[in-house]
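> Here is a sequence with its predicted model. Questions after.
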Amino acid sequence: MKIKKDDKVKIISGKDKGRKGKILKVLPNRNKVVVEGLNTVTKHIRPKKKGEKGQRVKMAMPINVSNVKLICPECGKAIRVGYKILSDGRKKRFCRDCKNVFK
């Protein structure tokens, strides 16, 4: 999976198409990611104690990784990611448009 936690991404399909957000959680075994504030659903919480009221809570749900594109921190575009092996042997991600190597 080429997307990691804390990356900025753009949603390319679905109800939140065109919106941007930060990755909160990556689920590689399910091939999904959770994006902050996007793909939200309302969950109804039952009252736990007597006299307490129930609540409605908005939660961000996982979205398939194929429906998001990484935003390059250098050029600001939604891009495809490539990999380069640096001279010291480390494998790093890079932007295919501006050739900028990520952190």
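Sure, I can see it. Numbering: from 1, shown residues only.
> Spit out the contact partners of the nearest residue to Lys32 once chain neighbours are set aside.
Nearest non-adjacent residue to Lys32, counting by Cβ to Cβ, 6 or more residues apart in numbering: Pro62, 3.8 Å away. (Each C-beta comes from the backbone N, C-alpha and C, glycine too.) By Cβ atoms under 8 Å, 6 or more residues apart in numbering, the contact list for Pro62 reads 25, 27, 30, 32-34, 39.
> can you list the domain ranges for the protein.
1-71, 74-103 (automatic domain parsing).
> now the residue nearest to Lys32: how far from Lys10?
Note on Pro62: its distance to Lys10, by Cβ to Cβ, to the nearest Å, is 17 Å.
> Need the pLDDT of the residue nearest to Lys32.
The per-residue pLDDT reported for Pro62 equals 96.
> Repeat that for the one 5 residues further on.
Per-residue confidence for Asn67 comes out at a pLDDT of 95.
> Kindly report the same for Ser87.
90.
> Arg80 too?
Per-residue pLDDT puts Arg80 at 91.
> Correct me if wrong: it contacts Ile71.
No - when contacts are counted by Cβ atoms under 8 Å, Arg80 is not listed as touching Ile71 (11.7 Å).
> The residue nearest to the spatial centre of the chain sits in which helix or strand?
The centre of the chain sits closest to Ile23, judged by Cα atoms, centre = their mean, with a distance of 3.3 Å. Here Ile23 sits within strand 20-27, counting by DSSP states H and E.
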